[in-house]
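Undergrad: With the sequence up front, the predicted model follows.
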2 protein chains.
Amino acid sequence: MAKLHWEDFTPGRVFEHGPRLVTREEIVAFAAEFDPQPMHLDEEAVRATMLGGLSASGWHACCILMRMCTDGFVLNSHSMGAPGVDEVRWLLPIRPGDELILRATVQEVRASRSRPDMGFVKFLFELRNASGAVAMTLTTSLMMGRRAAGAA
Amino acid sequence: MAKLHWEDFTPGRVFEHGPRLVTREEIVAFAAEFDPQPMHLDEEAVRATMLGGLSASGWHACCILMRMCTDGFVLNSHSMGAPGVDEVRWLLPIRPGDELILRATVQEVRASRSRPDMGFVKFLFELRNASGAVAMTLTTSLMMGRRAAGAA
């Protein structure tokens, strides 16, 4: 299958990927390395807090989302990375046993003014759990290679 | 040392942490798990691209920043997590051998309208490399526990 160019990302186009099971072991391993707060490490410590039980670090959720994007469409595209992230919202805790579905919706596209070989694709990414509730949203623009002028 | 409350985060206050050495091994290991694009995995594949050599995933940079925050002040505070991230900008590639310094500056504070036991602290986080250049900025608001009314 030919890799996707900037021109293939038309506003409204949707990519889905998943489900992706989240395990207790990876929640704790990620937190121990990158976000060692009790809410992500210690089931007993968080039972009485507003979270009510162990939950994944929000950064872990971002990384899981990135991997689902990579497997879902990025490796099948002429992606050139991203200049940053516009907004992340952690709406619901992600728990051991959750099965996450990624939905990536193209919101806007624009050509690069300085680089005719690439353009920007603004996405809304949503991670939903098995009950369909949106646990996280993320918006950002990816840089994508364009078709050569005159190419099919 | 008493843990920091919301009232201790006054606008302009700065927390620094580091240096934190970034290794080739961890760049590749992180990318293999969460962001398996060639620019983060394969030195040869990226030499001819605009990056000019292996660089850490931007998400890896976020995770390193989170760990530096955790060690720098979050575990010594009444942190209650964050509702999300307002903005991330990846300004320079982070390379094997970089030694990163975190600078966290309190930008604004506001009390929670719905929860008198907590408030929000908006931070500008900057990761600089050894030459002092800012490789990444991140802005977000953390939720912090407040001192009990009437406490010292």
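TA: Thanks, I have the structure now. Residues are numbered from 1 along each chain as shown, chains lettered A, B, ... in the order given.

Undergrad: Look at the residue nearest to the spatial centre of chain A and tell me its secondary structure.
TA: By C-alpha atoms, centre = their mean, the mean C-alpha position of chain A lies nearest to A:Leu65, the distance being 3.0 Å. Put simply, A:Leu65 is helix when judged by DSSP: H, G, I helix; E, B strand; the rest coil.

Undergrad: List the contacts of it.
TA: By C-beta atoms under 8 Å, 6 or more residues apart in numbering or on different chains, the residues touching A:Leu65 are A:102, A:125, A:127, A:136, A:138. C-beta: built from backbone N, CA, C; applies to glycine.

Undergrad: let's go with 6 Å and repeat that
TA: With contact set as C-beta atoms under 6 Å, 6 or more residues apart in numbering or on different chains, A:Leu65 has these partners: A:125, A:127.

Undergrad: swap in A:Thr10?
TA: Neighbouring residues of A:Thr10 by C-beta under 6 Å, 6+ apart: there are none.

Undergrad: how far away is it from chain B?
TA: 23 Å (C-beta to the nearest C-beta, to the nearest Å).

Undergrad: Spell out the secondary structure type for that residue.
TA: With three-state DSSP as the criterion, A:Thr10 reads coil.

Undergrad: At the contact with chain B, which residues of chain A appear?
TA: Neighbours of chain B within chain A, by C-beta under 6 Å from any C-beta of the partner chain: A:34-36, A:59, A:62-63, A:66-67, A:70, A:84-85, A:88-90.

Undergrad: now with 7 Å?
TA: Proximity of chain A to chain B (C-beta under 7 Å from any C-beta of the partner chain) is limited to residues A:34-37, A:39, A:58-59, A:62-63, A:66-67, A:70, A:74, A:79, A:81-90.

Undergrad: out of the residues you listed, which are inside strands?
TA: Those of the residues of chain A next to chain B mapping onto strands are A:84-85, A:87-90, per DSSP state E.

Undergrad: Please indicate which of these are buried?
TA: Among these, those scoring as buried are A:85, A:88-90 (criterion: 16 or more other C-beta atoms under 10 Å in any protein chain shown).

Undergrad: possible to save these as a markdown table with pLDDT and distance to B:Ile94?
TA: Formatted as a markdown table, these follow (pLDDT from 0 to 100; distance: C-beta to C-beta, whole Å):
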| residue | pLDDT | distance to B:Ile94 |
| --- | --- | --- |
| A:Val85 | 98 | 15 |
| A:Val88 | 98 | 20 |
| A:Arg89 | 98 | 25 |
| A:Trp90 | 98 | 24 |
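
Undergrad: List just the nearest of these to A:Thr23.
TA: A:Trp90 (19.1 Å; C-beta to C-beta).

Undergrad: And for the closest one, nearest residue in space, chain neighbours not counted?
TA: A:Gly58 (4.4 Å; C-beta to C-beta, 6 or more residues apart in numbering or on different chains).

Undergrad: Then A:Met144?
TA: A:Trp6 (3.9 Å).

Undergrad: any idea how far chain B is from that neighbour?
TA: In terms of C-beta to the nearest C-beta, A:Trp6 sits 16 Å off from chain B.

Undergrad: what do you get for A:Phe15?
TA: To chain B, A:Phe15 is 16 Å away according to C-beta to the nearest C-beta.

Undergrad: confidence score at that residue?
TA: On pLDDT, A:Phe15 comes in at 98.

Undergrad: and it, that one's in a strand?
TA: Yes: applying three-state DSSP, one finds A:Phe15 inside a strand.

Undergrad: State the distance from it to A:Thr70.
TA: Distance, A:Phe15 to A:Thr70, using C-beta to C-beta, to the nearest Å: 12 Å.

Undergrad: so what's A:Thr140 up against?
TA: A:Thr140 sits next to A:82, A:84-86, A:123 when contact means C-beta atoms under 7 Å, 6 or more residues apart in numbering or on different chains.

Undergrad: now chain A, which segments are flagged as low pLDDT?
TA: Applying pLDDT under 70 to chain A picks out residues A:50-51, A:149-152.
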